[in-house]
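# Give me the fold of what follows.
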Amino acid sequence: MERWALATFVASLETQREVEQRARAKRIRERGFGALLIGGLTLFAVAVGGYHPFAEDGGLYVAGVKRLLDPALYPQGTEFVLEPTRLSLFAPVVAGIVRGSHLGLPAVLLGLHLASVAATLWAAWMLAGRCWRGREARVGAVVLLACWLSLPVAGTALMLMDPYVTARSFSTPCMVLALVGMLDWTEWDAAGATRWRGLALWVGSLAVAVAMHPLMAAYAAGATLVLACVRSSRRGVRVWGTAALCGAAVALAGFVQAMARPESMEYVRVAMTRTYWFPAEWRWFEWMGLMAPLAILAGVGWAQTRAAEVERTVARMAVAVGATAWVIAVLFARAGAPTHLVARVQPLRAFQIVYVVMVLALGAKFGETLLRRSAWRWAAAMVLLGGVMLGAARDAFPNTEHLELPGMGSRNAWVRAFEWIRQNTPKDALFALDADYINARHEDAQCFRAIAERSALPDYSKDGGEASIAPELTGAWQVGQAAQQGLSGKLQARWGATDGAEADGTRVRALAPLGVTWVVMRDQAVTNFECPYANDVVKVCRLR
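Numbers count the residues shown, from 1 in each chain. Presented below is the predicted three-dimensional model:
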């Protein structure tokens, strides 16, 4: 009898060991599959969305990094170069990586872009693993996110991820990881070690996000707290706790608005140039970009289906966060408000979280109901969905290489002019360009300072965005962009100029007192200045 009992005990141990080994092998296979999937989707996502390291906000951040690497750069207008680095460790971290790796800034930026895309997709894979058990659903969620990473977020001037490296490139994967950490922490039936790892992941992710982009980190923190309430096993906490958090956010916005300092009329004029701050100024399709995700996620969160409990709670969290942001924006982000402090923090940026959750939910549904295990369906879906976004990406940068990789020459005429400036003009030169040059035909939003590595008078678009966030820059911005109005043309209407000599005289009177030594004008501009560089779109001239 004792032998039989001992044999049974030993057999049970062996069976348990086999079960643990199989479970461990399954986890290893799943991690390997996930790594291969994310690696392939990272390259696919970058191929679809493109790569433009010096365009749009990417150029603003890169100029700040270059200033840290070479303090002799940008001796004039330094405040506009340093503004994006003021509350973020992004520029010091990137500059430190460049110094430590000796790879050069272009290679580091490309590596960081690939790493940030991979980190975002991996975080999404982890989140999908908490929401859906079926592999088809999890793969569908991440595949759709890879296809739609360049999706614009309503009318907020944001994308899910930009085709360049900024502080948001780091805050975005941290935001998703914070959701994963909170889900693990609130998994009340899980082992203690799992829950504590979840708490550590939540705290660590938010800490990195705060260091890189405090504003987006604040929205991520609020979303995770709402998620904790929605996940509670107590109905009172789910209902009243969530309502209290959302109500507190609205009340805080009202308090901040009431306590804000009075604004000068000059600053108000700057703020009015950022129309995307004010929902009342949006067009109908931008409003649809707010309402449609909330409607989709409300259907997921409250539908009477067999949807997983975690999926429903994450969807409900996103609806609560999006609705709260919408209420705050409507109440306080108004063009006619007494102050614009709430508008300045752009509460609708919280919709980045809403969009990520929506894309994952839609992708999971496609994967488990339409694509399933059919390889040709997956391939067709990726070609179709990715192709649409590829077309949009090419339309946004029609005169620039889709992938601006290190060492490649550029076919963009403006970029070639900026590169000539970097190689042939002194570092202390101060340039003037058309006030809204970044939106000029053929320009493709390429940032002068980041490429040319020279100082420039503040422009209307990007520097105007900085002045709208930092009111102390208002005066310098107004002077700079006003002096550059009509630099390349329309001088007769503005200054009464009738020929090249007279136009040059008005340019000198407007720009010389500000210390400008060079000007960049379009090729059609009438001038007698000496222009040592010119192409079929733009020319670079000395101001005399």
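
# Would you confirm that Thr339 contacts Gln257?
Yes: counting by CB atoms under 8 Å, Gln257 is a contact partner of Thr339 at 6.2 Å. Placement of C-beta: from N, CA and C, glycine included.

# Would you mind identifying the helix or strand in this structure with the lowest mean pLDDT?
None of the helices or strands of the chain scores lower by mean pLDDT, DSSP states H and E than helix 491-495, at a mean of 45.

# what about stretch 363-378, start to end distance?
11 Å (CA to CA, to the nearest Å).

# brain fart, stretch 421-434
16 Å.

# quick check: mean pLDDT across that stretch?
Along stretch 421-434, the predicted local confidence has a mean pLDDT of 93.

# what comes up buried for it?
Within stretch 421-434, the residues scored as buried using 16 or more other CB atoms under 10 Å are 421, 425, 429-434.

# Then stretch 479-493?
The neighbour-count check on stretch 479-493 (16+ other CB under 10 Å) flags 480-481, 483-484, 486-488, 491 as buried.

# Out of these, which is nearest to Ala251?
Nearest to Ala251 out of the buried residues of stretch 479-493 is Gln481 (CB to CB; 37.3 Å).

# Return the alpha-carbon coordinates of the helix or strand hosting the closest one using PDB.
For Gln481, the host element (DSSP states H and E) is helix 474-483. The C-alpha trace of helix 474-483 is given here as PDB (Å, rounded to 0.1, in the frame of the first residue of the first chain):
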ATOM      1  CA  THR A 474       5.400  86.400 -28.100                       C
ATOM      2  CA  GLY A 475       7.300  89.600 -28.600                       C
ATOM      3  CA  ALA A 476      10.200  88.000 -30.400                       C
ATOM      4  CA  TRP A 477       7.800  85.900 -32.600                       C
ATOM      5  CA  GLN A 478       5.700  88.900 -33.700                       C
ATOM      6  CA  VAL A 479       8.800  90.900 -34.600                       C
ATOM      7  CA  GLY A 480      10.400  88.100 -36.600                       C
ATOM      8  CA  GLN A 481       7.400  86.800 -38.500                       C
ATOM      9  CA  ALA A 482       6.200  90.300 -39.300                       C
ATOM     10  CA  ALA A 483       9.600  91.300 -40.800                       C
END
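
# could you pull out the helices for the stretch 101-250 of the chain?
105-131, 135-147, 168-185, 192-212, 214-230, 235-236, 242-259 (DSSP state H, counting those that start in this stretch).

# Can you flag the weakest of those helices by average pLDDT?
helix 235-236 (a mean of 84).

# Could you give the separation of it from the chain centroid?
Here helix 235-236 is found 36 Å from its chain centre; the criterion is CA atoms, centre = their mean, to the nearest Å.

# and what of stretch 334-351?
The answer for stretch 334-351 is 18 Å, by CA atoms, centre = their mean.

# can you pull the buried residues of it?
334, 337, 339-351.

# and Gly465, what element?
helix 462-469.

# Convert that helix to PDB, retaining C-alpha atoms only.
Extracted in PDB, the C-alpha atoms of helix 462-469 (Å, rounded to 0.1, in the frame of the first residue of the first chain):
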ATOM      1  CA  LYS A 462       6.500  76.100 -35.900                       C
ATOM      2  CA  ASP A 463       7.900  79.100 -33.900                       C
ATOM      3  CA  GLY A 464       4.300  80.400 -33.600                       C
ATOM      4  CA  GLY A 465       3.400  77.100 -32.000                       C
ATOM      5  CA  GLU A 466       6.200  77.500 -29.500                       C
ATOM      6  CA  ALA A 467       5.100  81.100 -28.700                       C
ATOM      7  CA  SER A 468       1.600  79.900 -28.200                       C
ATOM      8  CA  ILE A 469       2.800  77.500 -25.500                       C
END
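
# now that helix, how far from the centre of its chain.
So, by CA atoms, centre = their mean, the centroid of helix 462-469 is 17 Å from its chain's centroid.

# contacting residues around that helix?
56-57, 59-60, 80, 83-84, 267, 270-271, 273-274, 277, 344, 438, 447, 458, 473-474, 476-477, 480-481 (CB atoms under 8 Å, 6 or more residues apart in numbering).

# one more time with 6 Å
With CB atoms under 6 Å, 6 or more residues apart in numbering as the test, helix 462-469 has contacts from 60, 80, 83, 270-271, 273-274, 344, 473-474, 477.

# Among those residues, which one lies nearest to Ala244?
Arg344 (25.8 Å).

# Could you tell me what pLDDT the model assigned to the closest one?
90.

# quick one: the closest residue to it other than its chain neighbours from Thr273, how far?
Leaving aside its sequence neighbours, Arg344 sits nearest to Ile469 (CB to CB, 6 or more residues apart in numbering; 6.0 Å). For Ile469, the distance to Thr273 equals 12 Å [CB to CB, to the nearest Å].

# go on, Arg133?
From Arg133 to Thr273 the distance is 49 Å (CB to CB).

# Now do the contacts for Glu263.
Thr339.

# let me fix that: Ala124
142, 145, 176.

# for Arg522, same thing?
488, 538.

# Which positions are bridged to it in the beta structure?
Following DSSP bridges, Arg522 is listed with bridge partners Val538.

# quick one: it and His442, what's the gap?
Arg522 is 9 Å from His442, by CB to CB.

# can you check Lys365 too?
On the measure of CB to CB, Lys365 and His442 end up 41 Å apart.

# For the residue lying closest to Gln485 once chain neighbours are set aside, give me its contacts.
Closest residue to Gln485 apart from its sequence neighbours, by CB to CB, 6+ apart: Ala435 at 5.1 Å. Contact analysis of Ala435 by CB under 6 Å, 6+ apart lists 460, 481, 484-485.

# Just put these in CSV and tack on pLDDT and distance to Ser171.
Shown next, in CSV, are those (pLDDT from 0 to 100; distance: CB to CB, whole Å):
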residue, pLDDT, distance to Ser171
Tyr460, 89, 27
Gln481, 87, 29
Gln484, 88, 33
Gln485, 85, 35
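
# what ranges do the helices span in the stretch 401-544 of the chain?
413-424, 448-452, 462-469, 474-483, 491-495, 500-511.

# Tell me which of these sits most buried.
helix 448-452 (a mean of 25; mean count of other CB atoms under 10 Å).

# Can you list the neighbours in contact with that helix?
Taking CB under 6 Å, 6+ apart as the rule, helix 448-452 contacts 54, 59, 62-63, 418, 421-422, 456.

# Please produce CSV containing the residues you listed, extended by distance to Thr313.
Shown next, in CSV, are those (distance: CB to CB, whole Å):
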residue, distance to Thr313
Phe54, 41
Gly59, 40
Val62, 39
Ala63, 42
Phe418, 49
Ile421, 54
Arg422, 52
Ala456, 49
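
# Farthest pair within these?
Among the contacts of helix 448-452, Val62 and Ile421 lie farthest apart (CB to CB), at 15.8 Å.

# what's the pLDDT at the closest residue to Trp414 other than its chain neighbours?
In this structure, Trp414 finds its nearest non-sequential neighbour in Glu443, 4.8 Å apart by CB to CB, 6+ apart. If you check Glu443, the pLDDT there is 91.

# burial count for Glu443?
24 (other CB atoms under 10 Å).

# Pop the domain breakdown of this structure in here.
By the assignment in automatic domain parsing, the chain contains the domains 15-49+103-169+214-372, 413-542.

# okay if I get those as CSV plus distance to Thr186?
CSV is the format used below for the domains of the chain (distance: least, CB to CB, whole Å):
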stretch, distance to Thr186
domain 15-49+103-169+214-372, 4
domain 413-542, 35
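
# Relative to Leu405, which of these is closest?
Comparing the domains of the chain by CB to CB, domain 15-49+103-169+214-372 comes nearest, at 6.7 Å.

# Dump the buried residues of stretch 421-434 into CSV; add distance to Leu183 as well.
CSV is the format used below for the buried residues of stretch 421-434 (distance: CB to CB, whole Å):
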residue, distance to Leu183
Ile421, 51
Thr425, 54
Ala429, 54
Leu430, 52
Phe431, 51
Ala432, 53
Leu433, 49
Asp434, 50
